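>>> Pasted the sequence and its predicted model underneath.
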Amino acid sequence: MLKGFALGAAALIGAAVMVLASASEARTLDEIVKSGVIRVGVNPTLPPLGKFDEKNEIVGFDVDFAAEIAKMLGAKLEVVQVGSPDRIPFVAAGKIDFVMGAMTRNPERAKVIDFTVPVHTEVFGVLTTEGKPFQAWQDLNRPEVTLIQVRGTTPVKFIEDNLKQAKTTLLDNYPDAVRALAQGRGDAMVDVVDFVGEHMNKHQVKWKILEAPVDVYYCGLGVAKNSTGLKDWLNVAIFETHRRGRTDELWKKWFGIDMIKPVQVSPYF
Amino acid sequence: MDYTLQFGQVWPYLPRLISGAILSLQIAVLAFCGGLLIGTAGATVKTFGPTWARRAIGGYVVFFTNTPQLVQIYFLYFALPDAGILLSSYAAVLTGMTLNAGAYLTEIQRAGFESRRQSEMEAAEVLGFSRLQQIRYVILPHVARILFPPLSNQFILMTLGTSMAAIFGVEELTGQAFNINAQTFRSIEVFSVTALIYVALTLIASATLGLIGKFAFRAKMRFA
């Protein structure tokens, strides 16, 4: 028995070592330009940042913005589908060159990946159904409240810090979370309400959005740590896109309204 | 490659992983017991029942053994509410796993039933045993020894199968691992520790089952 177990453990460790040895690295700026293709991670469950159109291709604000960047670089854009839990491992492992999808900038993530200057802001609100007694987000801080959140998103940490008494159910993606809320499995969801608008429309439920925004966060592009040159180039490209007004143009096109809290563009970074 | 292993970052989260492991084991044990009951009933019907009942159980078995367990639980969790039945995460996972286990265990136990000795069955019938008594006193004690390896295999598979409960918000071992990964981003460390805990879990489970088998049924112990 022990021999079998030892062999099994040795095989497992051997496989792990092989994975570590042959793991892909993040590409440098020169490698990207030479290959002529830039790989971008977009989350298609966050309309209007990313969604599937009738031809089952990913479209949205993120795709258009990434296309602008790719055009400036002179490379072809390749869109890779990512989800909330796996986008950071993807970029850290070099599967994609940079990741979008409302990549909120915070110190925990900055330990693992690098962030560019902000591309857009996001404002947290509270999504709940009519009939729930909540008036402000602080009302959620009670033990009988169940919040439905998506695994790996920023509000989870926010709730751990500020809504300690509420219970949380973690699901894997936004459509499932909104559907669970519509089915009455939870009381509310704290997240960026603009992004879940399209999911909300799919359910015959009277929604209620608590107006007072909970907080403002800045979203940038995520790149691998020490990705030589790529982050600096992206910063210059993003500043140029903001300066030309192209960011606001694309935002208006996909969201229908201006950014609620505009990014203060600064020439120094 | 620029990655340094940092197990120290995962160490403080170990209690969470352990509590998740206990929940995994709990779900597996409950689903297995429920599945055993369904399995015994199903095997009885398939061996002794009328044709229409045999076909019904056959349909249930074919459906649940030929669809993925994930799809079954997904249906119970997300599709049933549209028909008015709202199951909690835990209830949906447990029901799905029990029904799935019941189907596999029906087939396993039916194979055991088929190996009953006809002479013993006739002797029991002559002595006036009812069908239920025949099953309880003649069939089960004899086939329990033979069935023990496949049954404990099924239990191990179910323990590992609880990992999909994380998708429905049940924070068992895999769910806890996902959460810790989302907070620390130490994927390699978190998931290798989780894998080792699963190995320990299944070893404990098979050792316990082996001991039960040895003392209750004098069955052979299954290793690894």
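Alright, I've got the coordinates. Numbers count the residues shown, from 1 in each chain, chains lettered A, B, ... in the order given.
>>> Every contact and neighbour count from this point should use C-alpha atoms.
Will do.
>>> Any idea how far the host helix or strand of B:Y104 is from the middle of the chain?
According to DSSP states H and E, B:Y104 maps onto helix B:89-114. Relative to its chain's centre, helix B:89-114 lies at 7 Å (Cα atoms, centre = their mean, to the nearest Å).
>>> in it, what counts as buried?
Within helix B:89-114, the residues that qualify as buried are B:89-90, B:92-113, counting by 16 or more other Cα atoms under 10 Å in any protein chain shown.
>>> Could you do stretch A:25-39 as well?
A:E25, A:A26, A:R27, A:T28, A:L29, A:I32, A:V37, A:I38, A:R39.
>>> A:S227 versus the spatially most central residue of chain B, what's the distance?
Residue closest to the average C-alpha location in chain B (Cα atoms, centre = their mean): B:M158, at 3.6 Å. For B:M158, the distance to A:S227 (Cα to Cα, to the nearest Å) stands at 43 Å.
>>> Would you mind listing the outside residues contacting the helix or strand that the helix holding B:Y104 is followed by?
Later in the chain than helix B:89-114, the nearest helix or strand by DSSP H and E is helix B:118-126. Identification of contacts with helix B:118-126 by Cα atoms under 8 Å, 6 or more residues apart in numbering or on different chains yields B:Q134, B:V138.
>>> redo that, cut-off 10 Å
For helix B:118-126, the external contacting residues (Cα atoms under 10 Å, 6 or more residues apart in numbering or on different chains) are B:L127, B:G128, B:F129, B:S130, B:R131, B:Q133, B:Q134, B:I135, B:Y137, B:V138, B:I139.
>>> residues of it that come out buried?
Neighbour-count burial for helix B:118-126, with 16+ other Cα under 10 Å as criterion, is recorded at B:M121, B:A124.
>>> repeat for stretch A:200-219
Quick answer for stretch A:200-219 (16+ other Cα under 10 Å): A:M200, A:W207, A:I209, A:L210, A:P213, A:V214, A:Y217, A:Y218, A:C219.
>>> Figure out how far that stretch is from the centre of its chain.
With Cα atoms, centre = their mean as the basis, stretch A:200-219 stands 17 Å off its chain's centre.
>>> and the lowest-mean-pLDDT helix or strand in chain B, what other elements does it pack with?
Least confident helix or strand of chain B, by mean pLDDT, DSSP states H and E, is helix B:131-134 with a mean of 84. Contacts defined by 3 or more Cα pairs under 10 Å, 6 or more residues apart in numbering or on different chains; DSSP states H and E place helix B:131-134 against helix B:14-48, helix B:118-126.
>>> Neighbours of the nearest residue to B:F155 once chain neighbours are set aside, how many?
Excluding the flanking residues, the one nearest B:F155 by Cα to Cα, 6 or more residues apart in numbering or on different chains is B:F32, at 6.6 Å. Neighbour count for B:F32, taken as other Cα atoms under 10 Å in any protein chain shown: 27.
>>> From A:M72, how far off is B:F32?
59 Å.
>>> Could I have the CA atoms of stretch B:190-198 written out in PDB?
Once non-C-alpha atoms are left out, stretch B:190-198 reads as follows in PDB (Å, rounded to 0.1, in the frame of the first residue of the first chain):
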ATOM      1  CA  VAL B 190      -3.800  26.900  -2.900                       C
ATOM      2  CA  PHE B 191      -4.700  24.200  -5.300                       C
ATOM      3  CA  SER B 192      -1.900  21.900  -4.400                       C
ATOM      4  CA  VAL B 193      -2.800  22.100  -0.700                       C
ATOM      5  CA  THR B 194      -6.400  21.400  -1.700                       C
ATOM      6  CA  ALA B 195      -5.400  18.400  -3.700                       C
ATOM      7  CA  LEU B 196      -3.500  17.000  -0.800                       C
ATOM      8  CA  ILE B 197      -6.400  17.500   1.500                       C
ATOM      9  CA  TYR B 198      -8.600  15.600  -1.000                       C
END
